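*Asks:* Provided below are the primary sequence and the corresponding predicted coordinates.
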Amino acid sequence: MTDLRARIAPLFKVRRNDVRHAIRVSAACGATFAFMRLFNIPGGQWAVFTTVIIMQGTVGSTLNQAVERLIGTMVGAIAGSVAVYAQEKSGADAALVLVILVALVAFMAASRPALRAAPLTAVIMLVSHPVGMTPAAAAIFRIGEIFLGGIVGVAATLLIFPTHAHTAVMTRLNSVLVQMEAILASHAARLTLGAADESAMDIYITNRASLATLQIAMADAARESASRLGTNRHTEATPRAIWRLRNDLVSLGRTLNQPLAVESMVTPGQTVLKAYGLFLACSRANLSGGPRPDRVAANKAHADFQRAVELLRAQGVMRGIPFDDLAQTFAFVFAIEALYTNLSDLADRLQEAQEDR
């Protein structure tokens, strides 16, 4: 028994969230099934199906799935009940009615994610219409079953090992910023080597995917906040600032596809990029309770870089270099300036979220 426990304990530690989710789903399914049997709900298995389908890792994502499934079911149930009435009154062939029904409901759901459940519900209403029950009553029962499954699912996610979307936001935000720090470090190392975009390509791809998941978590957190089931400290301004910063990193990488031509700009460029990387790392650490980033040091590094650029102009270095090298140098300087502006803006947005605690 001791050996078995020793083997299982690390698994629970590594996959703790998965175990908690499994417990939530099983408990919610048991509760839904108990309600179904207690009230003898006809076709109550759909409530259990709904509970399984809607339950996600966070309260916000579960709430979103529950609302979308309920809306889709309502539309599908109404469309299906109308189709049943039309088929009974007209005596039309059931296959013809089915084809027309699916075409209409699928058209409505094609560009509306909230109606994804509507075609399935409409088909069920038409081909599995309960004997001895009017179409209107069948639609009401169907909507009630989905509502019951959704309520139980949301309640279980909220009460059993609750994981709020803001936790997911913080985890994904941390991952996004770590990736951007890696891109900055890569660019700083490629000033004299070139091929900066190629070197950071894998991180670019990962970072883009991470930003997409961050925005999903942000939307879930906003739903939680709107429904008073959780809090959402980060506004949409945070991912917007991150996207702008990512675009700056891409632009900077493009200027470094060839080694930086003006040798006197290499050291100031590496220094300022390393300072930006440290500032970004400190901004990320501050999200977890660390000290605030040193804005004075970041501002000084930027000012030193600007002085290096002014010195090049004052010494007339820019006049004596080939056009392509001149274009690269100016593009590099502009990218650094944009990076500084948007990095400062991101730090402001992160600080605002911290102050809203």
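*Replies:* Yep, that arrived.
*Asks:* Break this protein down into its structural domains.
*Replies:* Domains of the chain are assigned by automatic domain parsing as 17-159, 165-355.
*Asks:* Could I get the full set of helices for the chain?
*Replies:* Here the chain has its helices, by DSSP state H, at 2-14, 16-38, 45-54, 59-90, 94-109, 118-127, 135-159, 165-189, 196-226, 237-255, 266-287, 295-314, 323-355.
*Asks:* now the ones you listed in CSV, with mean neighbour count and mean pLDDT?
*Replies:* Just so you know, the C-beta spots here come from the backbone N, C-alpha and C atoms, and that holds for glycine as well. As requested, the helices of the chain are arranged in CSV below (neighbours: other CB atoms under 10 Å; pLDDT from 0 to 100):
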stretch, mean neighbour count, mean pLDDT
helix 2-14, 9, 61
helix 16-38, 16, 88
helix 45-54, 21, 88
helix 59-90, 21, 89
helix 94-109, 15, 88
helix 118-127, 22, 86
helix 135-159, 21, 88
helix 165-189, 21, 91
helix 196-226, 18, 90
helix 237-255, 19, 93
helix 266-287, 19, 92
helix 295-314, 15, 90
helix 323-355, 17, 88
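*Asks:* check contacts around the residue nearest to residue 208 when sequence neighbours are not counted.
*Replies:* Once its chain neighbours are removed from consideration, residue 208 has its nearest residue in residue 246; the separation is 7.7 Å (CB to CB, 6 or more residues apart in numbering). Under the criterion of CB atoms under 8 Å, 6 or more residues apart in numbering, the contact list for residue 246 reads 180, 207, 208, 211.
*Asks:* ok, these vs residue 34, which is closest?
*Replies:* residue 211 (42.0 Å; CB to CB).
*Asks:* now residue 297: how far from residue 306?
*Replies:* 15 Å (CB to CB, to the nearest Å).
*Asks:* Ok, residue 140 next?
*Replies:* Using CB to CB, one obtains 70 Å as the distance from residue 140 to residue 306.
*Asks:* likewise residue 27?
*Replies:* Using CB to CB, one obtains 60 Å as the distance from residue 27 to residue 306.
*Asks:* and the closest residue to residue 224 other than its chain neighbours, what does it touch?
*Replies:* Nearest-residue entry for residue 224: residue 230, 3.3 Å, with adjacent residues in sequence omitted and distances by CB to CB, 6+ apart. Contacts of residue 230 were listed using CB under 8 Å, 6+ apart, and they are 59, 60, 164, 165, 166, 221, 224.
*Asks:* Which single one of these is nearest to residue 280?
*Replies:* Within these, distances to residue 280 taken as CB to CB reach their minimum at residue 166, with 21.4 Å.
*Asks:* With adjacent residues omitted, what lies nearest to the closest one?
*Replies:* Leaving out its chain neighbours, residue 166 is closest to residue 221 (CB to CB, 6+ apart), at 5.0 Å.
*Asks:* swap in residue 97?
*Replies:* Closest residue to residue 97 apart from its sequence neighbours, by CB to CB, 6+ apart: residue 87 at 4.5 Å.
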